[in-house]
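Engineer: this is a predicted model, with the sequence first.
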Amino acid sequence: MKKRLVLIGAALAAVVLAAFYFAGQYRTYDGYQVLSSYDRSYSDSSKNAQFGGNLVSYDSDGATCIDKKGSLLWSYSYEMDQPLFEASDSYALIAERNGTKVCIFTPSGFLGEMDASGRILSAAISNNGKLALVLSLNDGYGINLYDTSGKVIASGDVHMKISGYPLAIALSGNADLLAVSFLSAGGDGADSVLTFYNFSDAGKAVDDNIVASYQLEGEVCPRLYFLDDSRLATFSDKKARIYTGKEEPELKKEITYPKNAASVFCAKGEFGIVYKNDGVFYEETSDARGKAPFEMYVYDSRGELKFSKELYISYKEVKFLDNGEIAVIGEYDMSIYESDGRERFSYEFDTRIYNVLSLGRLHDYLFVTEDAVQRVRLT
């Protein structure tokens, strides 16, 4: 009898714990408790980016990295008029746009520095530390692939009359595939050409390592992102596309925008597009919202729609968090959505909000405001 009571008690405890867990999962929070706070000054000139699960802040004078506890991990000083930040899972770079300097970092801190042979227009870095640079040269453009020591692994010249202007690049995590979007003048306006370079054994047998090329007539394609080592998402002014293949990528999915695309955001295995509802503007009053000024669509790696959501925030940034949630960050307000589209948190701040990181636990986050970094728990 005693054993049966113990089993019944354990079962009831498990049910209660499960009820609390699911209640927390499905609840929308409208407040938070500050667990710890660190005074740090941020300004509009500072930019923030996630790297290795931590937060990097950078400007023209240098970069700092803080961990999820708000503690300083490392800092590095440099002088760049237009710093450009790119990161993979294991490496990051800060390059001087229209300059030649490149600084390379790991999550532990500064790794090395190199000087490019031309003015840097765009950059990308892989999980194994190889980096690609698009350079402006005296007689055209160059696309170079380097190792972490700055040694050139592969290079090629690009001439405007043949290829066009290299508008965007993306490098796969293993650095086998490099995708480049070229912009050229077409008969009725601008055209784009998407070219894939393969630096593995499969690309050595073809001229200039080019394994595939696609013409995008009447489109400008300024954004490329590898969802995994063999799957690329591209975003033009008219369509999103998914290309797949480890050796010769092929077009697998095409998404025609139903309305004007305001911005895109990406993470490994998924991406999102925010569309603008024409003629609808953000209103401060929330009691009679009417039609939302923006709509957020989130897709999986195959380009299949996961969910859509109306957005009433006049946002600055939309981003995936490390835990799969989505943060919509405005000037003074922020909303966080679950991976299935349910709103988890909504709040209007008294001070500017710049960024947010998930801390792994169900209710804990790191908020970055203009004057502090706060470790918080939703309430």
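Structural biologist: Cool, got the structure. Residues are numbered from 1 along each chain as shown.

Engineer: partner residues bridging the most centrally placed residue in the chain?
Structural biologist: Nearest to the geometric centre of the chain sits Cys266, at 4.9 Å (Cα atoms, centre = their mean). Cys266 has these beta-bridge partners by DSSP bridges: Phe271.

Engineer: three-state assignment of the nearest residue to Met114 once chain neighbours are set aside?
Structural biologist: Distances taken as Cβ to Cβ, 6 or more residues apart in numbering place Gly150 nearest to Met114, at 3.4 Å, with adjacent residues excluded. All C-beta atoms are positioned from the backbone trio N, CA, C, and that covers glycine. Assigned with DSSP: H, G, I helix; E, B strand; the rest coil, Gly150 falls in the coil class.

Engineer: one step back: surely the residue nearest to the centre of the chain and Leu227 touch.
Structural biologist: Yes - Cys266 lies in contact with Leu227 (Cβ atoms under 8 Å); the separation is 7.2 Å.

Engineer: which neighbours do the two share?
Structural biologist: Ala233 (Cβ atoms under 8 Å, 6 or more residues apart in numbering).

Engineer: and Ala262, how close does it get to Ala233?
Structural biologist: Ala262 sits 17 Å away from Ala233, going by Cβ to Cβ, to the nearest Å.

Engineer: what's the answer for Gly330, then?
Structural biologist: Taking Cβ to Cβ, one finds Gly330 at 25 Å from Ala233.

Engineer: equivalent analysis for Leu359, please.
Structural biologist: For Leu359, the distance to Ala233 - Cβ to Cβ - is 28 Å.

Engineer: quick one: the residue nearest to the centre of the chain from Tyr299, how far?
Structural biologist: 10 Å.

Engineer: equivalent analysis for Asn144, please.
Structural biologist: Distance from Asn144 to Tyr299, counting by Cβ to Cβ: 32 Å.

Engineer: these two: who's more crowded?
Structural biologist: Neighbours were counted for Asn144 and for Tyr299 using other Cβ atoms under 10 Å; Tyr299 has more, 22 against 17.

Engineer: shaky segments in the stretch 251-379 of the chain?
Structural biologist: Along the stretch 251-379 of the chain, segments meeting pLDDT under 70 span 281-289.

Engineer: kindly recompute the last result at 50.
Structural biologist: 284-287 (pLDDT under 50).

Engineer: neighbours of the closest residue to Glu270 other than its chain neighbours, how many?
Structural biologist: In this structure, Glu270 finds its nearest non-sequential neighbour in Asp300, 5.6 Å apart by Cβ to Cβ, 6+ apart. By other Cβ under 10 Å, 13 other residues sit near Asp300.

Engineer: mind listing the helices for the stretch 201-350 of the chain?
Structural biologist: Counting by DSSP state H, counting those that start in this stretch, one finds no helices in the stretch 201-350 of the chain.

Engineer: could you pull out the strands for it?
Structural biologist: 210-216, 223-228, 231-235, 239-244, 250-256, 260-267, 270-276, 294-300, 305-311, 315-320, 326-330, 333-337, 343-348 (DSSP state E, counting those that start in this stretch).

Engineer: what comes up buried for the fourth one?
Structural biologist: With burial defined by 16 or more other Cβ atoms under 10 Å, the residues of strand 239-244 counted as buried are 240-244.

Engineer: any idea which of these is closest to Lys101?
Structural biologist: Checking the buried residues of strand 239-244 against Lys101 with Cβ to Cβ, the nearest one is Tyr243 at 32.4 Å.

Engineer: got the confidence number for the closest residue in space to Tyr38 that isn't next to it in sequence?
Structural biologist: Among residues not flanking Tyr38 along the chain, Gly70 sits closest, at 4.3 Å (Cβ to Cβ, 6+ apart). Here, the pLDDT recorded for Gly70 equals 82.

Engineer: now do Ser43
Structural biologist: Looking at Ser43, the pLDDT reads 68.

Engineer: and for Gln82?
Structural biologist: Looking at Gln82, the pLDDT reads 96.

Engineer: now it: how far from Asp39?
Structural biologist: Distance from Gln82 to Asp39, by Cβ to Cβ: 28 Å.

Engineer: which of the two has more residues huddled nearby?
Structural biologist: A count of neighbours by other Cβ under 10 Å puts Gln82 above the other of Gln82 and Asp39, at 11 against 8.

Engineer: pretty sure Glu175 sits against Leu145.
Structural biologist: One correction, residue 175 is Ala, not Glu. Yes - using Cβ under 8 Å, Ala175 is in contact with Leu145, at 7.2 Å.

Engineer: what touches both of those two?
Structural biologist: 130, 199.

Engineer: of Leu359 and Ala233, give the one with the bigger neighbour count.
Structural biologist: Higher neighbour count among Leu359 and Ala233: Ala233, with 24 against 19, using other Cβ under 10 Å.

Engineer: returning to what we had before: list residues touching both of Cys266 and Tyr299?
Structural biologist: What both Cys266 and Tyr299 touch, as defined by Cβ under 8 Å, 6+ apart, is the set Gly272.
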